[in-house]
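# Structure, please.
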Amino acid sequence: MTNQQTKGKDLETELRRAGVRITRPRQTILRILSETDDHPDAYEIFRRASAVDASISLSTVYRTMKLLEQCGTIHRHAFEGGPSRFEHAGVEHHDHLIDVETGDVIEFRSERIEALQDEIARELGYDILHHRLELYGRKRRTAAK
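Presented below is the predicted three-dimensional model:
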(Lines give C-alpha, C1' and ligand atoms only; values in the text may rest on other atoms or scores of the structure.)
Protein backbone atom coordinates (compact mmCIF):
# COMPACT_ATOMS: atom_id res chain seq x y z
CA MET A 1 0.00 0.00 0.00
CA THR A 2 1.43 3.40 -0.96
CA ASN A 3 1.72 6.35 1.44
CA GLN A 4 -1.17 8.06 -0.41
CA GLN A 5 -3.40 5.00 -0.01
CA THR A 6 -2.48 4.81 3.69
CA LYS A 7 -3.35 8.50 4.19
CA GLY A 8 -6.69 7.98 2.46
CA LYS A 9 -7.52 4.91 4.55
CA ASP A 10 -6.55 6.75 7.76
CA LEU A 11 -8.86 9.65 6.89
CA GLU A 12 -11.68 7.23 6.05
CA THR A 13 -11.12 5.21 9.23
CA GLU A 14 -11.34 8.34 11.39
CA LEU A 15 -14.60 9.43 9.76
CA ARG A 16 -16.10 5.96 10.17
CA ARG A 17 -15.00 5.91 13.81
CA ALA A 18 -16.88 9.21 14.26
CA GLY A 19 -19.98 7.58 12.79
CA VAL A 20 -19.83 9.42 9.47
CA ARG A 21 -21.07 7.71 6.32
CA ILE A 22 -18.48 7.51 3.56
CA THR A 23 -20.33 8.62 0.46
CA ARG A 24 -18.90 8.61 -3.07
CA PRO A 25 -18.23 12.40 -2.93
CA ARG A 26 -16.46 11.99 0.42
CA GLN A 27 -14.36 9.15 -1.00
CA THR A 28 -13.27 11.47 -3.80
CA ILE A 29 -12.44 14.27 -1.36
CA LEU A 30 -10.44 11.85 0.81
CA ARG A 31 -8.53 10.62 -2.23
CA ILE A 32 -7.73 14.22 -3.23
CA LEU A 33 -6.52 14.95 0.30
CA SER A 34 -4.37 11.82 0.38
CA GLU A 35 -2.64 12.90 -2.84
CA THR A 36 -1.81 16.44 -1.72
CA ASP A 37 1.30 17.64 0.03
CA ASP A 38 0.44 21.33 -0.14
CA HIS A 39 -1.92 23.46 1.97
CA PRO A 40 -5.08 23.76 -0.14
CA ASP A 41 -8.06 25.85 0.86
CA ALA A 42 -11.59 24.45 0.61
CA TYR A 43 -12.15 25.94 -2.82
CA GLU A 44 -8.96 24.35 -4.18
CA ILE A 45 -10.01 20.98 -2.73
CA PHE A 46 -13.42 21.49 -4.38
CA ARG A 47 -11.78 22.39 -7.70
CA ARG A 48 -9.63 19.25 -7.64
CA ALA A 49 -12.48 16.99 -6.50
CA SER A 50 -15.04 18.35 -8.97
CA ALA A 51 -12.59 17.67 -11.80
CA VAL A 52 -12.96 14.00 -10.83
CA ASP A 53 -16.65 14.05 -9.91
CA ALA A 54 -18.74 17.01 -11.11
CA SER A 55 -21.53 16.18 -8.64
CA ILE A 56 -19.42 17.25 -5.64
CA SER A 57 -20.58 20.49 -4.02
CA LEU A 58 -18.51 23.07 -2.20
CA SER A 59 -20.71 22.58 0.87
CA THR A 60 -19.79 18.86 0.91
CA VAL A 61 -16.13 19.85 0.92
CA TYR A 62 -16.68 22.29 3.81
CA ARG A 63 -18.65 19.72 5.84
CA THR A 64 -16.05 17.01 5.20
CA MET A 65 -13.15 19.27 6.17
CA LYS A 66 -14.95 20.30 9.36
CA LEU A 67 -15.52 16.64 10.26
CA LEU A 68 -11.87 15.77 9.58
CA GLU A 69 -10.75 18.70 11.70
CA GLN A 70 -13.03 17.59 14.56
CA CYS A 71 -11.54 14.08 14.30
CA GLY A 72 -8.05 15.57 14.58
CA THR A 73 -6.80 14.19 11.26
CA ILE A 74 -6.62 17.56 9.51
CA HIS A 75 -5.26 20.88 10.81
CA ARG A 76 -6.89 24.09 9.69
CA HIS A 77 -4.65 27.13 9.34
CA ALA A 78 -6.06 30.62 9.12
CA PHE A 79 -3.06 32.34 7.61
CA GLU A 80 -3.36 36.11 7.72
CA GLY A 81 -5.10 37.67 4.75
CA GLY A 82 -6.38 34.47 3.18
CA PRO A 83 -8.89 31.65 3.42
CA SER A 84 -8.45 28.75 5.82
CA ARG A 85 -6.03 26.17 4.49
CA PHE A 86 -5.63 22.54 5.46
CA GLU A 87 -2.88 20.00 6.03
CA HIS A 88 -2.60 16.48 7.40
CA ALA A 89 -2.31 16.34 11.18
CA GLY A 90 0.04 13.35 11.23
CA VAL A 91 3.07 15.15 9.83
CA GLU A 92 6.08 15.95 11.98
CA HIS A 93 6.03 19.34 13.71
CA HIS A 94 7.06 22.20 11.47
CA ASP A 95 6.53 25.93 11.09
CA HIS A 96 5.36 27.97 8.12
CA LEU A 97 6.66 30.83 6.00
CA ILE A 98 3.90 32.44 3.95
CA ASP A 99 4.81 34.38 0.81
CA VAL A 100 2.56 37.46 0.98
CA GLU A 101 2.68 37.98 -2.78
CA THR A 102 1.97 34.46 -4.04
CA GLY A 103 0.25 32.89 -1.03
CA ASP A 104 2.71 29.99 -1.17
CA VAL A 105 3.20 28.21 2.15
CA ILE A 106 6.71 26.94 2.80
CA GLU A 107 7.19 24.43 5.59
CA PHE A 108 10.41 24.53 7.59
CA ARG A 109 11.90 23.24 10.81
CA SER A 110 14.67 24.92 12.78
CA GLU A 111 16.30 23.27 15.76
CA ARG A 112 17.65 26.70 16.80
CA ILE A 113 14.11 28.14 16.95
CA GLU A 114 12.83 25.10 18.85
CA ALA A 115 15.69 25.35 21.37
CA LEU A 116 15.16 29.11 21.83
CA GLN A 117 11.44 28.61 22.46
CA ASP A 118 12.20 25.91 25.05
CA GLU A 119 14.78 28.16 26.72
CA ILE A 120 12.35 31.11 26.92
CA ALA A 121 9.54 28.95 28.30
CA ARG A 122 11.89 27.36 30.87
CA GLU A 123 13.17 30.81 32.01
CA LEU A 124 9.56 31.91 32.50
CA GLY A 125 8.68 28.70 34.36
CA TYR A 126 6.65 26.99 31.64
CA ASP A 127 6.64 23.81 29.60
CA ILE A 128 5.52 24.27 25.99
CA LEU A 129 2.53 22.10 25.18
CA HIS A 130 1.94 23.36 21.66
CA HIS A 131 3.04 26.22 19.49
CA ARG A 132 2.59 27.57 16.02
CA LEU A 133 5.03 29.85 14.26
CA GLU A 134 4.02 31.67 11.09
CA LEU A 135 6.39 33.99 9.29
CA TYR A 136 5.12 36.29 6.54
CA GLY A 137 7.56 37.48 3.93
CA ARG A 138 8.29 38.60 0.44
CA LYS A 139 10.90 36.94 -1.76
CA ARG A 140 14.05 39.04 -2.04
CA ARG A 141 14.69 40.55 -5.40
CA THR A 142 18.24 40.29 -6.67
CA ALA A 143 19.73 43.36 -8.30
CA ALA A 144 19.99 43.22 -12.09
CA LYS A 145 23.55 43.16 -13.39
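
# Low-confidence stretches in the chain?
In the predicted model, the chain carries pLDDT under 70 at residues 1-9, 144-145.

# give me that answer again for 90
Scanning the chain for pLDDT under 90 picks out 1-23, 33-39, 41, 69-94, 100, 102-105, 107, 129-132, 134, 141-145.

# For this protein, which segments count as helices?
Applying DSSP state H to the chain gives helices spanning 3-17, 24-35, 42-52, 58-71, 111-123.

# residue closest to the middle of this protein?
Nearest to the mean C-alpha position of the chain, by C-alpha atoms, centre = their mean, lies residue 87 at 1.5 Å.

# can you pull up the bridge partners for it?
Taking DSSP bridges as the rule, residue 87 bridges to residue 75.

# which residues does it contact?
By C-beta atoms under 8 Å, 6 or more residues apart in numbering, residue 87 lies in contact with 39, 74-75, 77. In this view, the C-beta of every residue, glycine as well, is placed from N, C-alpha and C.

# what about residue 13, neighbour count?
Residue 13: 13 surrounding residues under other C-beta atoms under 10 Å.
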